[in-house]
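>>> only the shape, not the letters, is given here:
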């Protein structure tokens, strides 16, 4: 079996017969330079963790994919079609402990009104070290007020779009400041999210994250961690968090599909406490107790 | 000759011999789905107006392309290589009154550290009507303060990146409000730019635009119009402009490479005066008196 797998998803509404997806060579060019995904970053995506062949939080990712499509006025994705395409890609992959599968839908070639869609599956590197040692973060201005999701929905803050140049530039700024990652802060001083992660902190016994009304992505991993914590009797809540509150927290993490829970070990150069046992428990849950074999498999 | 032309620009620093660019079929897929241009909107572009086969403001576009690359920490583009590639694309195009040529450079396929570059040339539609009748604009919050270019360079406000999803969403919001285009406003209330244009207004005899320190693109068309106006004895200046000042101006335009000077005929539903003679003069300059045959042609 191949190391990576690329599945093109057929999204032309005019074609209703034939295969709904097609396995193609990921090393061959598959995209037009006129695709609005590349000329305008005009599309959406999801990255899904695959542990021992099982996609995690797939339903939550599919729901967010549909929400992102709505925010961008893209045609509504068919969750069943994407579900099948994701499984098709995973099933053709070499068995590895951890992989990631990425779903992408763009607005398609300009003027044609047919979205372009694909699913790409590939093994993930070993994140064991970063999950135990943690990351040094800097807080960076995201430029936006904390209320823009309500006042200015065209800023697309709740959608997972392909327009990630700012997220990448922020990570380069972190490297310049001798840090590994970023926590974005609203222009009115509240903690938002990382470029590719949600923020979680512990204060006393409670786990706290910023709410999705802050113009941030609804984290699929964060959602699962909150659900797990509730079952463990750990109180959870969302609230508006200042940078001082983040710095004063008893522990903090960046949560994401690929790396899972990564402890924050310094904030703007100041060492931050790492909760080793809780980090281990969260990652053990995310790795081993979350995935359920999907009830549905493609033929 | 073909209706459109696509030139792939060779940007692999390891390859120094052979053709620096390659004419390919624009109808064939040329891009990998792993290109960071599409997966992260991580790249830069320029759109250049071509009138009667002559690219306008090519040097200014190349300078801005280099500036955008610096802001994104991309390898510095070789202006001569891009210049030649642009001319190669134009020279292979069917003769048309107006065309546009787009230069794109992405960060390339993830992990390979080789940028992807191309130049695409295609005829433009006839903009005669919009240039005389004008557009209805709405002002929309850009979310950012007017000082973010200074405080938060990682927001890339001065770079022309491929991450244009917000610009496209703003245009859809304009359509929902029964308007044709958008003027973005900073969170502290100052006029910035359109999604694909610079803002120009006339107050008395003076032409005024927002300054590039406002976190906006330095407009190539706006630069040329200011230079032309100065030669005509028309005073020009940049200043911070409020929405009320835009609404109270004696005339206003959106300036861009493709459409040139388009008069604003209403602001948030309120009719705005159109200066027909000055619009005609500006567009006559932009169309007929700007382009000089390039001293350099590819072999």
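Structure's in. What do you need? Remember, predicted model here, so these are calculated numbers, not experimental data.

>>> quick check: residue A:235 vs residue A:241, distance?
Applying Cβ to Cβ, to the nearest Å, the value for residue A:235 to residue A:241 is 15 Å. To be clear about C-beta, it is placed using only N, CA and C from the backbone, and glycine gets the same treatment.

>>> quick one, strands of the stretch 1-150 of chain A?
When assigned using DSSP state E, counting those that start in this stretch, the strands of the stretch 1-150 of chain A occupy the ranges A:5-9, A:21-24, A:43-51, A:54-55, A:98-106, A:116-123, A:135-141.

>>> turn the ones you listed into JSON lines, including mean neighbour count and mean pLDDT.
Shown next, in JSON lines, are the strands of the stretch 1-150 of chain A (neighbours: other Cβ atoms under 10 Å in any protein chain shown; pLDDT from 0 to 100):
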{"stretch": "strand A:5-9", "mean neighbour count": "23", "mean pLDDT": "97"}
{"stretch": "strand A:21-24", "mean neighbour count": "16", "mean pLDDT": "95"}
{"stretch": "strand A:43-51", "mean neighbour count": "24", "mean pLDDT": "97"}
{"stretch": "strand A:54-55", "mean neighbour count": "20", "mean pLDDT": "96"}
{"stretch": "strand A:98-106", "mean neighbour count": "23", "mean pLDDT": "97"}
{"stretch": "strand A:116-123", "mean neighbour count": "23", "mean pLDDT": "98"}
{"stretch": "strand A:135-141", "mean neighbour count": "21", "mean pLDDT": "98"}
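
>>> neighbour count: residue A:235 and residue A:241, which is higher?
residue A:241 (24 against 12; other Cβ atoms under 10 Å in any protein chain shown).

>>> residues in contact with the nearest residue in space to the more buried one that is not next to it in sequence?
Nearest in space to residue A:241, with sequence neighbours left out and distances taken as Cβ to Cβ, 6 or more residues apart in numbering or on different chains, is residue A:191 at 4.2 Å. By Cβ atoms under 8 Å, 6 or more residues apart in numbering or on different chains, the residues touching residue A:191 are A:139, A:183-185, A:199, A:210, A:241-243, A:245-246.

>>> what's across from residue A:191 in the sheet?
residue A:185 (DSSP bridges).

>>> who's in contact with residue A:286?
Residue A:286 neighbours (Cβ under 8 Å, 6+ apart): A:49, A:56, A:221, A:224-225, A:260-261.

>>> between the residues you listed, which has the most around it?
residue A:260 (28 neighbours).

>>> my guess is it meets residue A:283, correct?
Yes - contact criterion Cβ atoms under 8 Å: residue A:260 and residue A:283 qualify, at 5.2 Å.

>>> so which of the strands of the stretch 1-150 of chain A is nearest chain B?
strand A:135-141 (4.4 Å; Cβ to the nearest Cβ).

>>> for chain B, what's the nearest residue on chain A?
Closest point on chain A to chain B, by Cβ to the nearest Cβ, is residue A:41, at 2.9 Å.

>>> for the stretch 51-200 of chain A, what lies in contact range of chain B?
Residues of the stretch 51-200 of chain A lying near chain B by Cβ under 8 Å from any Cβ of the partner chain: A:71-73, A:102, A:104, A:106, A:118, A:120, A:140-145, A:148, A:151-156, A:159, A:161-170, A:172-173, A:187.

>>> just the buried ones from the residues you listed, in PyMOL syntax?
Listed next is the PyMOL selection for buried residues among these, using 16 or more other Cβ atoms under 10 Å in any protein chain shown:
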select buried, chain A and resi 71+72+102+104+106+118+120+140+141+142+143+144+145+148+152+154+155+156+159+161+162+163+164+165+166+167+168+169+170+173+187
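
>>> so which of the contacts of residue A:191 belong to strands?
A:139, A:183-185, A:199 (DSSP state E).

>>> give me the buried subset of those.
A:139, A:183-185, A:199.

>>> want to throw those residues into a markdown table with distance to residue A:27?
Below are those laid out as a markdown table (distance: Cβ to Cβ, whole Å):
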| residue | distance to residue A:27 |
| --- | --- |
| A:139 | 40 |
| A:183 | 36 |
| A:184 | 35 |
| A:185 | 40 |
| A:199 | 37 |
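
>>> wait, which of those residues is closest to residue A:91?
residue A:199 (34.1 Å; Cβ to Cβ).

>>> my read is that residue A:185 contacts residue A:139, right?
Yes - between residue A:185 and residue A:139 there is a contact under Cβ under 8 Å: 4.9 Å.

>>> now do the shared contacts for these two.
A:191, A:243.

>>> buried set for stretch A:274-286?
A:274-275, A:278-279, A:281-283, A:285-286.

>>> between these, which is nearest residue A:13?
residue A:286 (37.1 Å).

>>> next one: the closest one from residue A:257, what distance?
9 Å.

>>> before we move on, what about residue A:280?
Where residue A:257 is concerned, residue A:280 sits at a distance of 19 Å (Cβ to Cβ).

>>> tell me the contacts of residue A:53?
A:90-91, A:93, A:95.

>>> those residues, buried ones only, as a ChimeraX selection?
Per 16+ other Cβ under 10 Å, the buried members of these correspond to this ChimeraX selection:
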select /A:90,93
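
>>> the contacts of residue A:53 in helices, which ones?
A:90-91 (DSSP state H).

>>> sort the contacts of residue A:53 by pLDDT and name the bottom one.
pLDDT across these is lowest for residue A:95, at 89.

>>> could you pull up phi and psi at that residue?
phi -70, psi 130 (degrees, to the nearest 10).

>>> gap between it and residue A:121?
12 Å.

>>> neighbours of residue A:3, how many?
Neighbours of residue A:3 using other Cβ under 10 Å come to 12.

>>> for it, which non-adjacent residue is closest in space?
For residue A:3, the spatially nearest residue (Cβ to Cβ, 6+ apart) is residue A:94, at 5.6 Å.

>>> quick check: phi and psi at the one you found.
phi -50, psi 140.

>>> nearest to residue B:112, out of the contacts of residue A:286: which one, please.
Once Cβ to Cβ is applied, the member of the contacts of residue A:286 that ends up nearest residue B:112 is residue A:49, at 24.3 Å.

>>> contact partners for that closest one?
Contacts of residue A:49 (Cβ under 8 Å, 6+ apart): A:55-57, A:98, A:100, A:124, A:221, A:257-258, A:260, A:286.

>>> ok, back up a step: ok, which pair from the contacts of residue A:191 is furthest apart?
A:184 and A:245 (15.2 Å).

>>> remind me which residues of chain A are low pLDDT?
A:1, A:16, A:291-299 (pLDDT under 70).
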